[in-house]
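Novice: Here is the input, now give the coordinates:
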Amino acid sequence: MITKDQTNQFPVFSLDGKLALITGGGSGIGFHIAQCMILAGAKVVITGRREAVLQEAVESLGPNATYFVNDITKLDTIPELVASIEDANGPIDILVNNAGINMKKHAVEVTDADFDRIIQTNLHAVFSITRECGKRMTERRQGSIIMITSMAALYGIDRVVAYTASKSAVGGMVKALTTEFSPYNVRINAVAPGFIETPMMLTAMNGDPARRDKAMDRTPMGIWGKPDDVGWAVVFLASPAARFITGVSLPVDGGNSIGF
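Specialist: So this is what the prediction gives:
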C-alpha cells in the first residue's frame, strides 16, 4: 500500500485541495478508489443507495470523506444531487463514474426489462451525472471525469450482452465528450479493469472454474488484480501528472486485453 507520505514526495501526483465525487463509492472497487484518492490528498464524496453501507465506509475512510444517499437510476434527482454536493462541499473537481451493475445470462434469455435495467444504470445515469458535473466544470474551465468501463468493452465475453453494450457505449461517450469538453480544460478518460480480486469476483469465478481458468490463462501476468490497482490508476488520471491525457481508456488488467 502506498502511503500519504509517499504521495507527498511526488506533488505532480497529488490531489491536494481537490474534491472528488465517486458514485457507488461505499463498497468494492469504488471504496478503494475513494481510499486511494484520500491518500493522494483529495476530499471525497461517495454516493449510493444504502445509507448504512455509506456510513460504514465514511467511518473507515476518515474525516476527508462524506456521503450523500442517492439512487443514480432516478435521473430526475441528479441535478439536485450535484447542486447539493457543491453547496455543502464546494466545487467538484473530479467525477468518478464507478456505480454500475452486471448480469450474467445467455443472450436469448435476456428480457427487454433486463436489458433496460443495465442500460439505465450503466449508461443513462452515467451520462446524466456527467452532463450535470460537466456543465459546472466547463464553466470553471477545470475538471477531470473518469469512467469505469470493463474488459467487456474491449473484447467479446459470453453471457454479458447487456453489460457489454453499456460499457462499450461508455467508451464511445468518452471519445465524444473529449471533443466537446477538452477545449474547456476538462479531461475525460476511462479505466477498464480486468479481473480484479473482490469477494464478488472470486465467488463468481469459483462457481465457474472453466471461466476462471480461461481468464487466468489469457492474463500474461498470471495473477488477479487488486482493487488498489484500479484506485491508483484513477488517481493518476485525475492528477496533474496526466494533464495532457484525455480521451483514453486505460486497461488495468495484467495484460489480459492483449493476452492469448
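Novice: What ranges does this protein have for its helices?
Specialist: 4-8, 28-39, 51-61, 78-89, 112-119, 125-140, 161-181, 199-206, 209-217, 227-238 (DSSP state H).
Novice: Low-confidence stretches in this structure?
Specialist: Residue ranges of the chain with pLDDT under 70: 1-10.
Novice: re earlier: which one of the helices of the chain lies closest to Gly255?
Specialist: helix 209-217 (11.7 Å; C-beta to C-beta). From N, CA and C alone the C-beta is placed, and that goes for glycine too.
Novice: what packs against the closest one?
Specialist: Applying 3 or more C-beta pairs under 8 Å, 6 or more residues apart in numbering; DSSP states H and E, one finds that helix 209-217 contacts helix 199-206.
Novice: buried set for the helix it packs on?
Specialist: Neighbour-count burial for helix 199-206, counted by 16 or more other C-beta atoms under 10 Å, picks out 201, 205.
Novice: Out of the helices of the chain, indicate the one that is most buried.
Specialist: With neighbours defined as mean count of other C-beta atoms under 10 Å, the helices of the chain peak in mean count at helix 28-39, which reaches a mean of 25.
Novice: Mind checking the helices of the chain for the one nearest to Leu21?
Specialist: helix 78-89 (6.2 Å).
Novice: What are the contacting residues of the closest one?
Specialist: 19, 21, 43, 45, 47, 66, 68, 70, 72, 92, 125, 128-129, 132-133, 136 (C-beta atoms under 8 Å, 6 or more residues apart in numbering).
Novice: Same question for stretch 236-252.
Specialist: 11-15, 18, 20, 37, 40, 42, 94, 96, 144, 146-147, 149, 151, 153-154, 171, 174-175, 178, 182, 187-194, 196, 225, 229-230, 233, 257.
Novice: now the end-to-end length of stretch 25-44.
Specialist: Terminal residues of stretch 25-44 are spaced 9 Å apart (C-alpha to C-alpha, to the nearest Å).
Novice: Looking at the contacts of helix 78-89, spot the one nearest Val161.
Specialist: Relative to Val161, the closest of the contacts of helix 78-89 is Ala125; by C-beta to C-beta it sits at 19.2 Å.
Novice: distance of the residue nearest to that closest one when sequence neighbours are not counted from Pro251?
Specialist: Counting by C-beta to C-beta, 6 or more residues apart in numbering, the nearest residue to Ala125 once its immediate chain neighbours are dropped is Ile72, at 4.2 Å. To Pro251, Ile72 is 25 Å away according to C-beta to C-beta, to the nearest Å.
Novice: One more: Arg218?
Specialist: From Arg218 across to Pro251, the span is 13 Å (C-beta to C-beta).
Novice: Settle it for me: which of the two has more neighbours?
Specialist: More neighbours surround Pro251 than the other of Arg218 and Pro251, with 21 against 18 (other C-beta atoms under 10 Å).
Novice: Which strand residues bridge that one?
Specialist: In this entry, Pro251 is beta-bridged to Ala192, by DSSP bridges.
Novice: my read: Gln55 touches Val69, true?
Specialist: No. Gln55 is beyond contact range of Val69, at 9.6 Å (criterion: C-beta atoms under 8 Å).
Novice: which residues does Thr130 contact?
Specialist: Residues in contact with Thr130 (C-beta under 8 Å, 6+ apart) are 95, 97, 145, 173, 177.
Novice: Make JSON lines out of these and add distance to Arg117.
Specialist: Shown next, in JSON lines, are the contacts of Thr130 (distance: C-beta to C-beta, whole Å):
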{"residue": "Leu95", "distance to Arg117": "23"}
{"residue": "Asn97", "distance to Arg117": "17"}
{"residue": "Ile145", "distance to Arg117": "24"}
{"residue": "Met173", "distance to Arg117": "19"}
{"residue": "Leu177", "distance to Arg117": "24"}
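Novice: Could you check how far the closest residue in space to Ser27 that isn't next to it in sequence is from Thr121?
Specialist: Spatially, and ignoring its direct neighbours in sequence, Ser27 is nearest to Val53 (5.7 Å; C-beta to C-beta, 6+ apart). The gap separating Val53 from Thr121 is 17 Å, by C-beta to C-beta.
Novice: Thanks a lot, catch you later.
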